[in-house]
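[1] Model the following, please.
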Amino acid sequence: MSSVELPDADSDAITVTPNPATDMVKVTVAGSDTEEQVRIISLSGVLMGLHEGTDTFSVASLPAAMYMLKVTTTSGLTRVVKLIKR
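    The predicted structure is shown next:
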């Protein structure tokens, strides 16, 4: 029986704080990678915001709802993280 090595889940973990949020949020990428682009997407698929070159940004103008943050890192890795806006 052969084994399959899986990548460490924490090595590419992305966190959003605070979550739920009302005003400012910070996106943190674990390890040496950093975020290059963050897209805020509604659950209906509408692009609600695009942030490049910054890890902290305002969500104050967004309506209260759940959003998906599509985070692309400088190494090209893309992850989707849930954000709740109050």
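[2] For stretch 74-81, buried residues please.
    For stretch 74-81, a neighbour-count test (16 or more other Cβ atoms under 10 Å) marks Val81 as buried. C-beta coordinates here come from the backbone N, C-alpha and C atoms, glycine included.
[3] Quick check: end-to-end length of it?
    17 Å (Cα to Cα, to the nearest Å).
[4] What is the distance between it and the centre of its chain?
    The gap between where stretch 74-81 is centred and where its chain is centred comes out at 8 Å by Cα atoms, centre = their mean, to the nearest Å.
[5] what residues does it touch?
    Residues outside stretch 74-81 that contact it (Cβ atoms under 8 Å, 6 or more residues apart in numbering) are 12, 14-16, 27, 33-36, 68-73.
[6] try 10 Å this time
    11-16, 19, 27, 29, 31-39, 41, 67-73 (Cβ atoms under 10 Å, 6 or more residues apart in numbering).
[7] quick check: mean pLDDT across stretch 18-35?
    What stretch 18-35 shows for mean pLDDT is 92.
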